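Asker: heads up, no residue letters with this:
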């Protein structure tokens, strides 16, 4: 069941609970008076003792007390149902908006802007290139089924070889199979020594690699260049981002420039300078 379908179910159920609760609060009915699980009859009294006092109620008083309690329960259910209903309605609107935006994005025509970017910079462009699999580190794809590599741009930027492409693949998890697509940038730097190290602005995985990578200079550069995270594989820097569509090719160009600049900020402990 999709997220929208689940939210609709929650919306319906919470709406029913809210309406039923308020109706019940307004008209709790005439409950049969009971005392300690026994039905009271005319002339009976109900004695309830607490640590501070003892209260004796007639049949009519007990019935009215239970009627008021039922009304309070109904009011509580109505309020709780209303809160859930409002939250579900807001979440549903958000989901619908996201889906509508994705539909609009998918419907946008390909303008060939990525091809134009390659031509303007003397790079190569390929609509689809299975050969990317040979340069895309296998460890970077360990949880992804074999996919396709499209809108491929390759070339050199300030003396460092790179590829940028859209990666479509399937991911398997407990919920099943999901189709995913993102944009990946690879920079091949033969001097890189570390392998399978993920770097974020405030932490590194595995943690033992932190002293080798996460200098204050690199942290500052990541924030300045807006590169939130990247992964180092021996000889390759991998940066994966949400799909950068054709009409936003300018963002890809900015990302390429930022990652290339970030390479110059990597500390000497990550490099074998004799191989650069």
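Answerer: Received it, and whenever you're ready, just let me know what you need. Being a predicted model, the structure only gives us computed values, none of them experimental.

Asker: check which helix or strand covers the closest residue to residue 237 other than its chain neighbours.
Answerer: Among residues not flanking residue 237 along the chain, residue 187 sits closest, at 4.4 Å (C-beta to C-beta, 6 or more residues apart in numbering). C-beta: built from backbone N, CA, C; applies to glycine. In the assignment (DSSP states H and E), residue 187 maps to strand 176-188.

Asker: returning to that earlier point: measure the residue nearest to residue 237 to residue 6 for me?
Answerer: Per C-beta to C-beta, to the nearest Å, residue 187 is found 41 Å from residue 6.

Asker: With residue 65 instead?
Answerer: Relative to residue 6, and taking C-beta to C-beta, residue 65 is found at 40 Å.

Asker: about what we covered before: counting neighbours, go ahead and name the busier of residue 187 and residue 6.
Answerer: residue 187 (22 against 14; other C-beta atoms under 10 Å).

Asker: surely that one meets residue 257?
Answerer: No: using C-beta atoms under 8 Å, residue 187 makes no contact with residue 257, being 11.4 Å away.

Asker: Which strands or helices does the host helix or strand of residue 168 pack on?
Answerer: Taking DSSP H and E as the definition, residue 168 sits inside strand 160-173. With contacts taken as 3 or more C-beta pairs under 8 Å, 6 or more residues apart in numbering; DSSP states H and E, strand 160-173 sits against helix 132-135, strand 148-157, strand 176-188, helix 249-263.

Asker: after the lowest-mean-pLDDT helix or strand in the chain, next one along is what?
Answerer: Among the helices and strands of the chain, helix 59-107 carries the lowest confidence by mean pLDDT, DSSP states H and E, at a mean of 79. On the C-terminal side of helix 59-107, the closest following helix or strand by DSSP H and E is helix 113-120.
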